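*Asks:* Got a predicted model here, sequence first, then my questions.
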Amino acid sequence: MKSVVVKQAGGPEVLEFEERPIPTATQNQTVIKIHAFPVHRYEVLTREGGSPSVKFPRVIGVEAVGEVYHPSKTSQLTAGQKVITFMGGLGREFDGSYQEYALVPDSIIYPITYNGTWTELASYPETFYTAFGALKATRLQKGQSLLVRGGTTGVGMAALVLGKALGLRVATTTRQSDREPVLSNLGADEVILDHNDQLQTSSKYDGVIDMVGVPVVVDSLSHLKNGGTYTLVGMVTGQWVWKDFDPFTNLSNKYATVYDSSQVDGHMVQKMFGLINQNHLEIPISKVFKLNDIQEAPRYV
């Protein structure tokens, strides 16, 4: 089988092809035939050596969609069954999705029902799960209002369509006016321009989900109603430290949390796909690459 191996930290050129035998299932590990996988920005960071816990050589890639090729000895999975896998050490503690077949612990394999293409299916697992979990953490009820900060990110668009399916009124943001139609077409009730980290509105919302992070936290909190919840999900700006923050001014009578999607709940995965299938939810896919063009994919993201 074809695997893409990172033997040392570096640029896209360190994504090297290697022929390996198809792995063999074990007592509690199943072999998955991978049909598609997304490429994430934080995988770029891992490849560049920014994740000290990841030891090279390693096949990176934290999620994949495909079918059971050879179930483990104790698994209730069956050959040919449609499955997804993500997080749980995939592509970090053990070889991940940048290959044609993967040996994956049964504990992080989730059988699902979905009738779309493999490419479409690959747009869901980690992106939609993060958005779905963030929505749960924000504790909103049907009819309440949600502000999605960083609306054109994958998680931002997923939060928009999932929020609408849950009966929320969703406002979302973008820094580029030409992206407004994309968000409107996904069902946004309101699209707000973000100019120099300041939203061009005075409106307040029952909940905020933020993918941008540190530079906009104070402004995002200023648009949160008293008693509302601010949920930080991403740090797309790359800034990790929150300096000069005045909690008495910025956080009074409000709640704040950080949602971490690394611990996956299988029941929540099933609920999420129920919502996706029932409401035919989808977000735009920017570009599709063949495995042979794997070095081009991280340059694109």
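*Replies:* The structure has been received and is ready for your questions.

*Asks:* Which stretches in this structure count as strands?
*Replies:* 2-6, 15-19, 29-36, 63-70, 82-86, 101-105, 109-111, 145-149, 169-174, 190-195, 198-199, 205-210, 224-232, 255-258 (DSSP state E).

*Asks:* separation between the spatially most central residue of the chain and Ala134?
*Replies:* Centroid-nearest residue in the chain, with C-alpha atoms, centre = their mean: Thr127, separated by 2.4 Å. When distance is defined by C-beta to C-beta, to the nearest Å, Thr127 is 11 Å away from Ala134. Where you see a C-beta, it was placed from the backbone N, CA and C, and this is true even at glycine.

*Asks:* Overlap of the contact sets of these two?
*Replies:* Val155 (C-beta atoms under 8 Å, 6 or more residues apart in numbering).

*Asks:* on that earlier part again, give me the nearest residue to the residue nearest to the centre of the chain, chain neighbours excluded.
*Replies:* Gly154 (4.4 Å; C-beta to C-beta, 6 or more residues apart in numbering).

*Asks:* Quick check: the one you found vs Thr173, distance?
*Replies:* 15 Å.

*Asks:* okay, those two: which has more neighbours?
*Replies:* Each of Gly154 and Thr173 has its neighbours counted (other C-beta atoms under 10 Å); Thr173 has more, 28 against 24.

*Asks:* Would you confirm that that one contacts Val191?
*Replies:* Yes - between Thr173 and Val191 there is a contact at 7.4 Å, judged by C-beta atoms under 8 Å.

*Asks:* before we move on, the earlier item: you'd agree the residue nearest to the centre of the chain is up against Ala158?
*Replies:* Yes - judged on C-beta under 8 Å, Thr127 makes contact with Ala158 at a distance of 5.2 Å.

*Asks:* if I look at the two, which residues touch both of them?
*Replies:* Ile283.

*Asks:* per-residue pLDDT, the residue nearest to Thr127?
*Replies:* Note for Gly154: predicted pLDDT of 95.

*Asks:* all numbers from here: first residue = 709
*Replies:* New numbering, starting at 709: the last item is Gly862.

*Asks:* show me what contacts it?
*Replies:* Gly862 neighbours (C-beta under 8 Å, 6+ apart): 831, 835, 991.

*Asks:* Lys850 now?
*Replies:* Applying C-beta under 8 Å, 6+ apart, we find Lys850 in contact with 874-876.

*Asks:* who wins for most neighbours among those?
*Replies:* Going by other C-beta under 10 Å, Leu876 tops those with 25 neighbours.

*Asks:* quick one: low-confidence ranges for this structure?
*Replies:* Flagging of the chain using pLDDT under 70 yields the residue ranges 945-948.

*Asks:* one more time with 90
*Replies:* When residues are selected by pLDDT under 90, those of the chain lie in 749-750, 752-753, 758-759, 921-923, 942-959, 970-971, 1006-1009.

*Asks:* so Gln737 touches Asp814, yeah?
*Replies:* Yes - the pair Gln737 / Asp814 is scored as a contact, 6.7 Å apart, by C-beta under 8 Å.

*Asks:* can you list residues touching both of those two?
*Replies:* By C-beta under 8 Å, 6+ apart, the residues touching both Gln737 and Asp814 are Ser780.

*Asks:* more crowded one of those two?
*Replies:* Gln737 (23 against 19).

*Asks:* Show me what that one bridges to in the sheet.
*Replies:* Under the criterion DSSP bridges, Gln737 forms beta bridges with Pro813.

*Asks:* who are the neighbours in contact with it?
*Replies:* Gln737 touches 780, 811-814, counting by C-beta under 8 Å, 6+ apart.

*Asks:* how far away is it from Gly719?
*Replies:* Here the criterion is C-beta to C-beta. By it, Gln737 lies 32 Å from Gly719.

*Asks:* go on, Thr909?
*Replies:* Counting by C-beta to C-beta, the gap from Thr909 to Gly719 is 40 Å.
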